[in-house]
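Trainee: Fold the following for me, if possible:
(3 chains)
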Amino acid sequence: MNEQTAAMGKPVPHKRRDGAASGLAGARLAAVAGRTVLWLFLLIVAALTLFPILMTVTGSLMTNSELMGGGHILPSDLQFQNYAEAWRQSNFARFTWNSVYMSVAATIGTLLVAAAAAYVVDRRSFPGKTLYIGLQASTMFISVGAVVLRPQFDLMVKLHLNSSLWGVILILISAHASTFFILLGFFKAIPRELDESAMLDGSGFIRTFYRIILPLLAPGLGVSGLFAFRHAWNEYILPLVFTLTDPHLQTLTVGLANLRYGSSAAMQLNLMMAGACLSILPMLIVYMLANKSFMQVTAGSVKG
Amino acid sequence: MAPIDEYVADDMKTKFSSLLLDGVNIFGGKLYSLPNSGQTLRLVYNKDLFDKAGIANPPQSLQEMVDDAKKITAAGKSEGAYGFALNFKNPKSAFDRSMREILSLSGYQGLGYDLKTAQFDFKPYSQVVEYFKQMWDDGSVLPGAETLDIDPMRAQFAAGKIGMYLSFATEPGVYKDQFPTTINWGAALAPTLEGKQVGTSEIVSAGTWLGISDKSKHKDAAWKFMEYMYQDDILTAYHEQGFGISVVPSIAEKAKNPDIPGMEGFLVGEHDSIWPVSPSVTPEGANYADAFFKYMLSGGDVSKIVTDLNTRYNDALAKAVEKGDVKTQPNPSFDPSKLGS
Amino acid sequence: MTRWTRLRENSLLLLPSVILTVALGIYPLIWVLRYMFYDYPGYGAETFVGLDNFRRLLRDAAFWESVRNTFVFAGGKLLITVPLSLLLAVILNGRLRGRHFLRAVFFMPTVISTAVIAVVFYLIFNSYNGMVNQLLMKYHLIGSPFEWLGPKHAMLTVILAAAWGAVGNYMLLFLAGLQSIPHDLYEAASIDGAGPAQRFWRITVPMLGPVMQIIIMLAIIASLKGYESIMVMTEGGPIGKTEVMYLYLYKLLFPVATSGAVVDQQFGYGSAVGFTTAVIVGIITAAYYAMSRKMNKVF
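Mentor: A predicted model of the protein is given here:
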């Protein structure tokens, strides 16, 4: 009984005193059987989860004939040069730089804009506050689809920003509603008295922000920054449409998907796999270093 | 562009006579350019797979093509080789490189247009589609062909997995550089509806090469340059070095074969010619390729599909004519067998 | 601090957000609301056509087919994702050895771009040289290549790809919800003799009610709107079998990757389609919200 309890909630001090020896043994058997089924289930799901990633990694280390030739699970020799090939041949350096540039700029911009707005909404009163909050919430839910790309693109052309990635970056920043709400939650947890008393003591706004608010906000910034970065890094449709006439601005996601139509996809599956790994790698590294934070924020957003 | 009628001498005109067509290089009664090269369309086939299946010659009729595809599949399936494939991921691209030559050689315009009535009529088109559907139903088409883009398809052909397909004269270049292959392959005229050649196989992207800008202040000098480039020597070298297949009969006859293996099957012959231009319109709803490909895969009432396509295409045509985007002129005396003479 | 300084500060802080949201979020919506009454090919003349675009929409069989496909896709994805993620969350909520590691494993797919996931799934589920078919044939589980991306099974494959990338996310949301249920409830129940199944249905499910309502709503919206992975995997599938609403809309206006040019960009009609899809999603969300009201009651 103990193990089953443990699987469903906190372990409970075993208070049952009934059960003859055979009854207890029967219960034990059921418990073990239940446990085994559970673990089997978990392992199967874990295997299914890891399967595509593993296939991509092993595929990227095979020669093309091994890969196309049917049913090899593991490469016989590790062809690390596939990565160098894919990097060189398919312009991955450029794609990666574009992705990094775009994601970093979008993240910093989103954090600045959302944090500033969240501060005002939490700490100050102003006319139209409810309207503003409603506006932000509605942008999260209303979606008319790809049509909006056209007016957005027109705006960027008018601002002469369409020939660099800044058009894309601004549009990414404009979708700061979720970051705003997350930071709003964090602001609520910082007592107002702290900055109010500091400012009463004559400390200017900037100084207050820097010395008092920022340190307390840091975890919130870190965590929502991670999410903003992930969102920007994995964005596909937006950079796709905006770089149709400027292939040198393409990001990793766009570049990789495009490879599918080129001849290398047809002839060199192993290079395509290597390319896919190159695209996944940065985010995977960030994830492994910061996975607790990712999970914390996803959880937090439900409570808020 | 500026008209060149006054520059072109008579003997030059005869050299190109069969290739001067309204809507191709003649507009509003004036000549604007002269032809040089173009793309022919052919049936591309794997000779090894044909041998293996015991077929001596490439098919001449669509029924033969269906039967051949079945035999090749039966003989080659265990090794993953199938009789037929096309880049069906993009049905329009697939049909526009296959239906076109089949239909034009069978005496019908290759894109569903009826030159005699200046209206769209997809009935002949649907008759060819029936044979394609038969191949699909027989299982003679490479599995997954509906997800094949053109390059992956070529890769499969180069790997010996496909018995035959149809395409432009771009293929020999592809198998020389992009997908080098060890199979024995060749090109032949497309099969026809009845097995007989009633019309001519359409040459596309032909009819124009160089022209003189309207804004040029040195039209005479520009013409001198054009005249020089259109000389026999230059045109012949262009062809022989593989820059493009010459469509000019006198050049095509005498020039040596271009240095690309397999190109000899694509050279302009007595059964090739340029066709009069047909209007290009966008209908409401699915285009002919999507509609017919859907029919190939999931069946349906083909006569209903044809009627629906005709209605929508002719509606779009009427609208385009009304807007002035397109001009049409029925030609009741059009005779496909007289093209190219 | 003077009133004016405060006002100036407030404005300065709020302005970037307001400007960006209005210019790039609200203005495009207004643009759509205007252009859906026009015929606008993207360049050149725009002609006012009143309700013509909507009349055309009613005639457009391909659009309604895509609506049907969207429901199938969303339904399939939800059917797999929600129960599975809930189950995983429940299992991994307790004291299981290695649960942190397992949580990390299940969450991993969500950090990868859906477009990249789609490329990977396309490569391995390919009929003619994909690794899945090769393995299946090698171990004689199938005789000839299984057409994962063919007209009969493409929808299944895209649903699998979408579910694969989504389970981890919802698992975590459920975990958070589960962790807010007080443990004493479980203790008291098991003292009273309740078995694990009873504890699940009588405590976990009802307590989870409000959170589950929100999570399922988010899941519904996301699965109705998702089209990126389908676009990269099948471009709408052989003969439109996997074409969902938002993908149909995208293809009216922009080319898929750089391999095809859009023949006829129709921003007027596209706006009408976009508006209609947003309305459809809104109706479904509202209907769900109304129907799931009792989930909010916690007893």
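Trainee: what's the neighbour count on B:D214?
Mentor: Using other Cβ atoms under 10 Å in any protein chain shown, the number of residues around B:D214 comes to 10. All C-beta spots, glycine's among them, are computed from the backbone N, C-alpha and C.
Trainee: Identify the residues contacting it.
Mentor: Remark: with contacts taken as Cβ atoms under 8 Å, 6 or more residues apart in numbering or on different chains, B:D214 is in contact with B:M1, B:A2.
Trainee: what's the distance between B:Q119 and chain C?
Mentor: Counting by Cβ to the nearest Cβ, to the nearest Å, the gap from B:Q119 to chain C is 21 Å.
Trainee: how close does that residue sit to B:P279?
Mentor: 10 Å (Cβ to Cβ, to the nearest Å).
Trainee: Give me the common contacts of these two.
Mentor: Common neighbours of B:Q119 and B:P279, using Cβ under 8 Å, 6+ apart, are B:Y113, B:L317.
Trainee: out of those two, which sits in the busier spot?
Mentor: Neighbour comparison, B:Q119 and B:P279: the larger count goes to B:P279, with 18 against 15 (by other Cβ under 10 Å).
Trainee: the helices in chain B, which residues?
Mentor: Secondary structure of chain B (DSSP state H): helices located at B:10-16, B:47-52, B:62-76, B:91-96, B:99-105, B:123-138, B:150-158, B:171-173, B:219-229, B:232-240, B:249-254, B:288-298, B:302-323.
Trainee: Among the ones you listed, pick out the one with the most neighbours on average.
Mentor: Highest mean neighbour count of these: helix B:99-105, a mean of 26 (counted as mean count of other Cβ atoms under 10 Å in any protein chain shown).
Trainee: helices or strands up against it?
Mentor: strand B:41-46, helix B:123-138, strand B:201-202 (3 or more Cβ pairs under 8 Å, 6 or more residues apart in numbering or on different chains; DSSP states H and E).
Trainee: pLDDT value on residue 34, please?
Mentor: Let's take chain A. pLDDT, A:G34: 82.
Trainee: Switch to chain B, please.
Mentor: Note for B:L34: predicted pLDDT of 83.
Trainee: residues touching the nearest residue to it once chain neighbours are set aside, list them.
Mentor: The shortest distance from B:L34 to any non-neighbouring residue, by Cβ to Cβ, 6 or more residues apart in numbering or on different chains, is to B:F16 (5.4 Å). Listed by Cβ under 8 Å, 6+ apart, the contact partners of B:F16 are B:L34, B:P35, B:V248.
Trainee: Which member of these is positioned nearest B:I55?
Mentor: Among the contacts of B:F16, B:V248 lies closest to B:I55 (Cβ to Cβ), at 34.8 Å.
Trainee: Could you measure from the closest one over to B:T208?
Mentor: Distance from B:V248 to B:T208, counting by Cβ to Cβ: 13 Å.
Trainee: Over to B:A94?
Mentor: Applying Cβ to Cβ to B:A94 and B:T208 gives a distance of 26 Å.
Trainee: Repeat that for B:G199.
Mentor: From B:G199 across to B:T208, the span is 22 Å (Cβ to Cβ).
Trainee: what about the two, which has more around it?
Mentor: B:G199 (24 against 16).
Trainee: returning to that earlier point: got the helices and strands packed on helix B:99-105 as CSV, with mean pLDDT and distance to A:K188 columns?
Mentor: Listed next are these as CSV, based on pLDDT from 0 to 100; distance: least, Cβ to Cβ, whole Å:
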stretch, mean pLDDT, distance to A:K188
strand B:41-46, 95, 69
helix B:123-138, 96, 63
strand B:201-202, 90, 72
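Trainee: still on that earlier bit, just the closest of the contacts of B:F16 to C:M217, please.
Mentor: Lowest distance from C:M217 to those (Cβ to Cβ) belongs to B:P35, with 63.9 Å.
Trainee: Now tabulate the helices of chain B in JSON lines and tack on distance to C:L175.
Mentor: Shown next, in JSON lines, are those (distance: least, Cβ to Cβ, whole Å):
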{"stretch": "helix B:10-16", "distance to C:L175": "77"}
{"stretch": "helix B:47-52", "distance to C:L175": "57"}
{"stretch": "helix B:62-76", "distance to C:L175": "52"}
{"stretch": "helix B:91-96", "distance to C:L175": "46"}
{"stretch": "helix B:99-105", "distance to C:L175": "56"}
{"stretch": "helix B:123-138", "distance to C:L175": "49"}
{"stretch": "helix B:150-158", "distance to C:L175": "42"}
{"stretch": "helix B:171-173", "distance to C:L175": "56"}
{"stretch": "helix B:219-229", "distance to C:L175": "74"}
{"stretch": "helix B:232-240", "distance to C:L175": "70"}
{"stretch": "helix B:249-254", "distance to C:L175": "74"}
{"stretch": "helix B:288-298", "distance to C:L175": "44"}
{"stretch": "helix B:302-323", "distance to C:L175": "52"}
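Trainee: between the ones you listed, which gets nearest to C:A188?
Mentor: Relative to C:A188, the nearest member of those by Cβ to Cβ is helix B:288-298, separated by 59.0 Å.
Trainee: and that closest one, how far out from the chain's middle?
Mentor: Centre-to-centre, helix B:288-298 and its host chain are 20 Å apart (Cα atoms, centre = their mean, to the nearest Å).
Trainee: Now it - C-alpha only, PDB.
Mentor: Output of helix B:288-298 as PDB, limited to C-alpha atoms (Å, rounded to 0.1, in the frame of the first residue of the first chain):
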ATOM      1  CA  TYR B 288      -6.700  22.300 -63.000                       C
ATOM      2  CA  ALA B 289      -3.600  20.600 -61.700                       C
ATOM      3  CA  ASP B 290      -4.900  20.400 -58.100                       C
ATOM      4  CA  ALA B 291      -8.400  19.300 -59.300                       C
ATOM      5  CA  PHE B 292      -7.100  16.600 -61.500                       C
ATOM      6  CA  PHE B 293      -4.500  15.400 -59.000                       C
ATOM      7  CA  LYS B 294      -7.200  15.100 -56.400                       C
ATOM      8  CA  TYR B 295      -9.200  13.000 -58.900                       C
ATOM      9  CA  MET B 296      -6.100  10.800 -59.500                       C
ATOM     10  CA  LEU B 297      -5.900  10.000 -55.800                       C
ATOM     11  CA  SER B 298      -9.400  10.000 -54.600                       C
END
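Trainee: hey, where'd the helices end up in chain C?
Mentor: Counting by DSSP H, the helices of chain C are C:3-21, C:27-35, C:52-59, C:61-93, C:99-107, C:114-125, C:131-138, C:154-179, C:183-191, C:196-199, C:205-225, C:228-234, C:245-253, C:267-291.
Trainee: The longest one near chain B anywhere?
Mentor: Yes - applying Cβ under 8 Å from any Cβ of the partner chain, one finds helix C:61-93 touching chain B at C:A61, C:A62.
Trainee: which residues does A:A30 contact?
Mentor: A:A30 neighbours (Cβ under 8 Å, 6+ apart): none.
Trainee: What ranges in the stretch 1-150 of chain A fall below the confidence cut-off?
Mentor: Regions of the stretch 1-150 of chain A meeting the criterion pLDDT under 70 cover residues A:1-23, A:69-71.
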